[in-house]
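Student: coordinates only, sequence not included:
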């Protein structure tokens, strides 16, 4: 029997990318997953990603969009972990994996040909994990490289990098430790020529800081794209598969353009602020055209809807570019009407309603204890999270029938953006687990930014002492590549999002930016245009912030009556065991007696006891019990004790929780006591004074008689 043991039948190709700091990224193809249409292994340090891509040859009937799915998954074995839970295997994607999948999807989707409609599946797996080489910034590079070595039509390559700033120094693709020290953390996606996607968080940074990070990221991406072009050539995949996924009727398209464009432009020029009425007027133009066609028309009527969308989009865009008018009647930089309210829900810990135009968020804040923290069990990160923000987008918010099937990827992404925007301003000393929930009740443009505003107000209403309020705004842009004409739109509508070339969300305080998310749908967007968009966003963001301050300017001084109060006691590490007690007996008894919740943590060089209670009496009782346990006995102090045992030479009295002292027979009273029989009983309460602590043994000596009046000497006694 003959075995092939060498690799002569494999066409293995390796390429290397050099990073500015001397580290390298390698791309390997031809070894793993060769039946996929394209596959690569990307490695940086000990982090390895396997990316595969498969696409059908033909599009499904009636599909006029790109059915692309991107799944990023981290294998627990990659970091030597066994999954938690009952099943002990990887299952549905975590929120973190969904967010990475979205980063890749948003960057790569615009790069496919607009007429390509076959199903495409991109799968990216973390097969080896290393904290010094974070995988999320490598996922898009892996996906693009897999496409490069396939025959799937793709207008790439593209890549993503993470850019952070630590103590004023810019770092590309940092380690986990460097990332945690940064005041700016952004992931940038781009092609050789254009920025495609930006997402990140900052600690109140300036617009110029953000632009500088994008420029640095793009320079690194250009080098990664050059290597992918070389990889594509060496793999012999410069020629892509032929396809035909669309049917067109040029005569129909020309007829509709001639007859309907002016009508569509006229509807757009009415500048109707009611989106439902505006939609009805556009629909009527299409319906009238369909009715005007003869029954024996030679046109392909199935294409009418597609062509009319193009005409409607063109008319709305040209209204903006030609006349600087928007379809709802606003100026380019005008923000829709805003109203807000706090304390709307009487029994929550904090609540707010924020409405901007036809977008509305009802947000709540719930305060919990450490036991309410979210447990995170991932391949690259395991731990807890004490600040959560959940975003819900029900169908009724847009007048649609949509079953409730849990949060979709969009909802996870929008919630994460708002979470990033608000976490920067939370107080550093915060004993609570905080959950913010944003329920979108109406939506017509940037419900994620409404969530930021409503969440900020709800936190202040709950009495959480955030550093400063946060607002958010969604910006758009419409441009003409031929003329160079462009218009930047503040506070975009849902329709403007669809017809525009850029969706740019910016959140921040009066001092600077806290989070951003940008998707660009057009080539050649200059940094000058981006700078103008950022400046206009700042103007709008500050306007929204001022409107919010009219409702509530600073956090409430106190929590709501329904919210748990907290009290934190720092204790010596050696006393943690005393508070917990054998098998948790002491802490359980405190909670049973008072109704409070007591949580003990070991933090660096001390112990922290956090006490939570809804009412003042429970809090004071629990605090008193804990303080009594951890208090240090002081010589000369008086204590209320309990007799624990009786000996011939005296009694042992527990004068503080867990601390017993000897009350010698001679210290019970001034008169001489011959024996202990009948003098004291176990369980008897006795008031004593601590008179001495033995320096060698640490034992306590108590006295009762010193607290009693000393009898006067009479003549008999004197004689």
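Tutor: Looks like it came in fine. Owing to the predicted nature of the structure, the values given are computational and were not obtained by experimental measurement.
Student: let me know the average pLDDT across stretch 620-628.
Tutor: Averaged across stretch 620-628, pLDDT comes to 87.
Student: which other residues reach it?
Tutor: Residues from elsewhere that reach stretch 620-628 (C-beta atoms under 8 Å, 6 or more residues apart in numbering): 567, 569, 579, 590-591, 593-594, 596, 598, 609, 611, 613, 656-657. Where you see a C-beta, it was placed from the backbone N, CA and C, and this is true even at glycine.
Student: mind putting those residues in TSV, pLDDT and distance to residue 66 included?
Tutor: Formatted as TSV, the entries for those read as follows, by pLDDT from 0 to 100; distance: C-beta to C-beta, whole Å:
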residue	pLDDT	distance to residue 66
567	87	56
569	88	58
579	87	60
590	91	60
591	92	56
593	91	64
594	91	60
596	90	56
598	91	55
609	90	56
611	91	55
613	89	55
656	82	72
657	75	68
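Student: what residues sit buried inside the helix ranked longest in the chain?
Tutor: Criterion DSSP state H: the longest helix present in the chain is helix 207-234. Judged by neighbour count using 16 or more other C-beta atoms under 10 Å, the buried positions of helix 207-234 are 207, 209-210, 212-214, 216-218, 220-221, 223-225, 227-228, 231-232.
Student: and the furthest pair within the contacts of stretch 620-628?
Tutor: Pairwise distances across these (C-beta to C-beta) peak at 22.7 Å, for the pair 613 and 656.
Student: between those two, who's got more neighbours?
Tutor: Between residue 613 and residue 656, counted using other C-beta atoms under 10 Å, the more crowded position is residue 613 (22 against 19).
Student: surely the more buried one is in contact with residue 590?
Tutor: No. Residue 613 is not in contact with residue 590 according to C-beta atoms under 8 Å; the separation is 11.0 Å.
Student: spit out the residues that contact the two alike.
Tutor: Common contacts of residue 613 and residue 590 (C-beta under 8 Å, 6+ apart): 596, 622.
Student: pLDDT-wise, which helix or strand of this structure ranks last?
Tutor: Taking mean pLDDT, DSSP states H and E as the measure, the helices and strands of the chain show their lowest mean at helix 715-718, namely a mean of 47.
Student: Provide the secondary structure category for residue 244.
Tutor: coil (DSSP: H, G, I helix; E, B strand; the rest coil).
Student: the one 4 residues further on too?
Tutor: For residue 248, the assignment made with three-state DSSP gives coil.
Student: give me the neighbour count for it.
Tutor: Neighbour number of residue 248 under other C-beta under 10 Å is 12.
Student: now do the contacts for it.
Tutor: If you count contacts by C-beta under 8 Å, 6+ apart, then residue 248 has residue 303 around it.
Student: what's the spacing between it and residue 260?
Tutor: 17 Å (C-beta to C-beta, to the nearest Å).
Student: so who does the residue most central in space within the chain touch?
Tutor: The chain has residue 416 as the residue nearest its centroid, 3.3 Å off, counting by C-alpha atoms, centre = their mean. Contact analysis of residue 416 by C-beta under 8 Å, 6+ apart lists 95, 99, 389.
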